[in-house]
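>>> Quick check, what structure comes out for this input:
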Amino acid sequence: MFKIVTKGTARHQIAEEIKDIKERVKEVAERRDRYKVDAISPAKTTVDPRIAALYTKATDLVGIDEAKEEVIMLLTKGEDMSTQQQRIVSIVGFGGLGKTTLARAVHDKIKGHFDCSAFVSVSQSLNMKKFFMDILYALDNASYGDIHNTKRDEKQLIDLVREFLKNKRYLIIVDDIWSISHWKNIKCAFPDDNDGYGIITTTRIETVAKHIGGFYKMKHLSLDNSRILLYGRVFGNQDNGRYPDEQLAEISDRILKKCDGVPLAIITIASMLAGKKRDKMVWEDVCNSIGTGRENSSLDVGDMRKILSLSYYDMPSHLRTCLLYLSVFPEDYEIDKDRLIWKWIAESFIKCEEQGVTQYEMAESYLNELVNRSMVQPIYDANDSGLIEACRVHDMVLDLICSISSEENFATISNSVHRTSPAEKIRRLSLQNGKTDHNISWVSTSMQQVRSVVAFGPSIQLMPTLESFRVLRVLDLEDCDLSQGYSLKYLGNLLHLRYLGLRGTEIDQLPEEIGKLQFLQTLDVDYNRIDSLPTTITQLNNLRRLLMSESMTVPNGIGTLTSLEELSGVSINRGSRSCIIEELSCLTELKVLAINFYIDIDGEDSRNKSLVEWLNKLEKIRSLSLCFYCRGWNLDGWVYGAFLHLRSLVLYGRVLSALPACLNPSQVPCLSYLDINVREVQQEGLEILGSLPALRCLILYLEVPGRFVVGAGSFPCLVRCCLGGDEGHAVLFQQGAMPKLTSLLLWISVRETREINGGFDLGLGNLPSLKDVQVGFHSGGASKEEVEEAKAAVRHAIEIHPNHPTLTGPLGERFDSTDEDEGRRKMKVLLALTLLSPLFVIAALQSPFLIGLTPPVSFSDMDAELGTDEDEDASLTGEEISS
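Sure, this is the predicted structure:
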């Protein structure tokens, strides 16, 4: 009887507690409604336009000229750069002073005096094999493009580096060395018995710098230069450091005094002030929050951390969460934007309640806001489209967020620097090196509540088995070698999985059980040895991203994946099903699409019609790449639809007789990158392209020579332009055309140019921002004397141009060819070498455009590889100008 009464009492107490909980939940809900918590969710944010200027100034950097000359003087000891001397300089200073920026500025200025150069970052947890691979890749990405996928020990890699540098004058920048032992190992790879070299290192530790030699201590910015940096970020005005608002002048100087001339501190505080009211009291609060400031003492690491902490806690909670997630990436890691954003989405960090805004767009705005606040450093895409493609976290910011992440048990990080002791509940696990940590046993640690696992390289050997996880949402094993025994056997049990990153993991198949992952949003299996994907993939109804390799066969029933927003790596070849395009045409939600075609068809083939009809349905497309390495396809029917979100368009192959009608300002208002192969473009077509309001990069390849006048006001945003073809063109740039153009690659017909222009004045002087030029000449029947006259005219135009543009490119290179693919490939190589950034050079040299062509080591090798005809064609280069 007593037991019955006891049970009744206990149940009554439980019922009362449940009732109390319900009432409290109700109160919370009412407060939420009353204070409109949802209403303060962030609006969509774009990158502050002042940021690009900030990073330009901060790297050409405010106050850097004097330091740059001092380092060069120390490196050369005042002698000419061409002298056969060996020099080493070590730049020292604590984090945030701009050591890396200074080293890069020196590298960019003097690298032309050396046979080869490389800029490589080290980290506190140095992986020697990876470092030497990075060096080889930086020295010659054409020859060592796949070096990171090879198995070599340290000695073999050192021998490769030494062999490459043998008998060469080389310049090497080693950024962020942490110990003397690291330097001793690194130095083994650099021969010192050749004709001359230069080595620049950076470090935070004076004893390391003194051991290396060539000691150079970083100086803090002067007050005037600090003002320039602050005002440029807050007001977008750097006019001699004059303050736009005199009422805030005094308080701004107090803030700058506390920042003590440290660029990172100034930029961080300025980015926070840029988002606040121009009110003296608000700025006073910021100044008081930084710290007391000391009259006779420099800013130290603790002060710097206080400034970063102030900016961190000034952010809304959703941004702090997203920033903390970056702690799972190693030091100096380049974080791909899409990889990061889709992990945020998988972790449910992105709350999107604004109508018409997708989760991806909102996440992109979160990243933009972190950039605006200078908490992450943007890496803009190599195509100069102005879009962020990746980001990096400064070492000091990473130290801060790793510390906070540990305190809040946000993530457990295993590396030689941030060795977090496992908490009772691990939420996120980041494995960053392969060294066994005897203080941490993952085998005995519960993984039941882990939501995210990210492993890097050799750390896969410490990875718990998949059966250990129950609520995992993110599994990212990119570039981990799974062929050595790690099993995906229990992958099908991860029912909550939303992100699966298996790129470059050396796997040759996926388990059939992958079809059980009904919440999966991202599946990245690019760069693997898989021949075909399991048919169960078609059961993944929530899949939004499928990233394949060309070698993979598209599974039957892919048309059922109607939620797909990104599809890349698709190959249409002889082994493809005849109905494949009809299946793909069911995917109308796509925002990113990349397909390569390798099968010839005739003009009546239904697949061509299906493709054109499908393209006209892709109204949400942002990036479209269609490459045709075959004959018979025709896209002239692609004329309908408004592609209001299209940013990037690549159409390679002879599939268009004229520009698509959809390429006009009203239908593609956001188009910033256009790489297109067209048979013929008339003056009217060029004028339409010139009216595209967002176009920043244009690569136009024509089969029929064009006669073009680029008029005033056309191409208002264009930064890079390449105009080439089977033969040269006649072009005249009028005053006011292409006001922002910095890089120009032009293939002109000597005879046509004389006819349309009455001479050889191309109007290069009317391009006010021009910096880099490559002009190739096709005689078109003109005499050798006329070709020389045309070259002399361009030489003169460059000499008198106010910017004194750089002329680059191999002597005698020609674009035209009777073989379409060969001509196109030559042009791609030259475009990459002369116009675009190193990232795009890498992409171009590894692209399918260059299949069968060995990338040149030197310009003379390229001439031999591609062939030249001095009587027919020539290109004007900087060598000729200097001579």
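
>>> quick one: Pro378 and Ile388 touch, right?
Yes - between Pro378 and Ile388 there is a contact under CB atoms under 8 Å: 4.7 Å. Where you see a C-beta, it was placed from the backbone N, CA and C, and this is true even at glycine.

>>> How far does stretch 192-211 stretch from one end to the other?
17 Å (CA to CA, to the nearest Å).

>>> Revised request: answer the last question for stretch 212-232.
36 Å.

>>> And for Leu482, the neighbour number?
Using other CB atoms under 10 Å, Leu482 has 18 neighbouring residues.

>>> Once you drop chain neighbours, what's closest to it?
Thr505 (4.4 Å; CB to CB, 6 or more residues apart in numbering).

>>> Looking only at neighbour counts, state which of Pro378 and Ile388 leads.
Pro378 (21 against 18).

>>> quick one: contacts for the residue nearest to Leu482?
Thr505 makes contact with 477-483, 528, according to CB atoms under 8 Å, 6 or more residues apart in numbering.

>>> what does Leu543 give?
Each residue near Leu543 by CB under 8 Å, 6+ apart is listed here: 520-523, 537, 561, 563-564.

>>> any idea how far Gly356 is from it?
Going from Leu543 to Gly356 by CB to CB, to the nearest Å gives 23 Å.

>>> cool, and Gly98?
According to CB to CB, Gly98 and Gly356 sit 42 Å apart.

>>> just to revisit the earlier point, please indicate which of the contacts of Leu543 are buried?
520-523, 537, 561, 564 (16 or more other CB atoms under 10 Å).

>>> Now intersect those with the strands, please.
Using DSSP state E, the members of the buried ones among the contacts of Leu543 that fall in strands are 522-523.

>>> out of the buried ones among the contacts of Leu543, who's nearest Ile595?
Taking CB to CB as the measure, Ile595 lies nearest Leu564 of these, at 13.1 Å.

>>> which residue packs closest to that closest one, ignoring adjacent ones?
Residue nearest to Leu564 in three dimensions, not counting chain neighbours: Leu587, with 5.2 Å by CB to CB, 6+ apart.

>>> For the residue nearest to Leu686 when sequence neighbours are not counted, list each beta-bridge partner.
Leaving aside its sequence neighbours, Leu686 sits nearest to Phe708 (CB to CB, 6+ apart; 5.1 Å). With DSSP bridges as the criterion, Phe708 is bridged to Val731.

>>> Regarding Val668, what is its secondary structure?
When classified by DSSP: H, G, I helix; E, B strand; the rest coil, Val668 comes out as coil.

>>> list the contacts for it?
Val668 sits next to 643-644, 646, 649, 662, 692 when contact means CB under 8 Å, 6+ apart.

>>> how much space between it and Gln355?
Separation of Val668 from Gln355 (CB to CB): 24 Å.

>>> that's a helix at Ile595, yeah?
No - according to three-state DSSP, Ile595 belongs to no helix; its state is strand.

>>> Please give the number of neighbouring residues around it.
Neighbourhood size, Ile595 [other CB under 10 Å]: 21.

>>> Not counting its neighbours along the chain, what's nearest it?
Val570 (4.5 Å).

>>> Which secondary structure element is home to that neighbour?
Using DSSP states H and E, Val570 sits in strand 566-572.

>>> after that strand comes which helix or strand?
helix 580-584.

>>> Any idea how far that following helix is from the middle of the chain?
32 Å (CA atoms, centre = their mean, to the nearest Å).

>>> Same check on stretch 488-498?
30 Å.

>>> so where do the helices sit in the stretch 351-500 of the chain?
359-372, 395-407 (DSSP state H, counting those that start in this stretch).

>>> Format those as CSV; extra columns: mean pLDDT, distance to Glu250 and mean neighbour count.
Formatted as CSV, the helices of the stretch 351-500 of the chain follow (pLDDT from 0 to 100; distance: least, CB to CB, whole Å; neighbours: other CB atoms under 10 Å):
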stretch, mean pLDDT, distance to Glu250, mean neighbour count
helix 359-372, 92, 26, 21
helix 395-407, 88, 28, 20
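
>>> Using JSON lines, lay out these together with distance to Thr76.
JSON lines is the format used below for the helices of the stretch 351-500 of the chain (distance: least, CB to CB, whole Å):
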{"stretch": "helix 359-372", "distance to Thr76": "37"}
{"stretch": "helix 395-407", "distance to Thr76": "29"}
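
>>> Looking at the ones you listed, spot the one closest to Ile599.
helix 359-372 (32.7 Å).

>>> quick one, the closest one and strand 566-572 angle?
120 degrees (axes from the mean of the first three to the mean of the last three CA atoms, to 10 degrees).

>>> coming back round to it: contacts only, for the residue nearest to Leu564.
So Leu587 contacts 558-559, 561-562, 564, 567 (CB under 8 Å, 6+ apart).

>>> Name the nearest of these relative to Gly575.
Of all the contacts of Leu587, Gly575 sits closest to Ile558, with 14.9 Å by CB to CB.

>>> Give me the distance from the strand holding Val570 to the chain's centre.
21 Å.

>>> before we move on, the earlier item: mind putting the contacts of Leu587 in a markdown table, pLDDT included?
A markdown table is the format used below for these (pLDDT from 0 to 100):
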| residue | pLDDT |
| --- | --- |
| Ile558 | 93 |
| Gly559 | 93 |
| Leu561 | 95 |
| Thr562 | 94 |
| Leu564 | 96 |
| Leu567 | 97 |
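
>>> Name the nearest of these relative to Asn803.
Closest to Asn803, out of all of the contacts of Leu587 and judged by CB to CB, is Leu567, at 42.6 Å.

>>> is it true that the closest one touches Lys591?
No - under the criterion of CB under 8 Å, Leu567 makes no contact with Lys591, lying 9.6 Å away.

>>> so where is the stretch 1-150 of the chain shaky, pLDDT-wise?
Within the stretch 1-150 of the chain, the segments meeting pLDDT under 70 span 1-61, 78-86.

>>> show me where it has helices.
2-35, 49-57, 64-76, 99-110, 128-139.

>>> Could you list the alpha-carbon positions for the last one in CSV?
Coordinates of the C-alpha atoms in helix 128-139 are reproduced here as CSV (Å, rounded to 0.1, in the frame of the first residue of the first chain):
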residue,chain,number,x,y,z
MET,A,128,57.5,19.0,-43.7
LYS,A,129,56.3,16.8,-46.6
LYS,A,130,53.4,19.1,-47.4
PHE,A,131,55.7,22.1,-47.2
PHE,A,132,58.1,20.7,-49.8
MET,A,133,55.2,19.7,-52.0
ASP,A,134,53.8,23.3,-51.7
ILE,A,135,57.3,24.6,-52.7
LEU,A,136,57.4,22.4,-55.8
TYR,A,137,53.8,23.3,-56.8
ALA,A,138,54.5,27.0,-56.4
LEU,A,139,57.8,26.8,-58.4
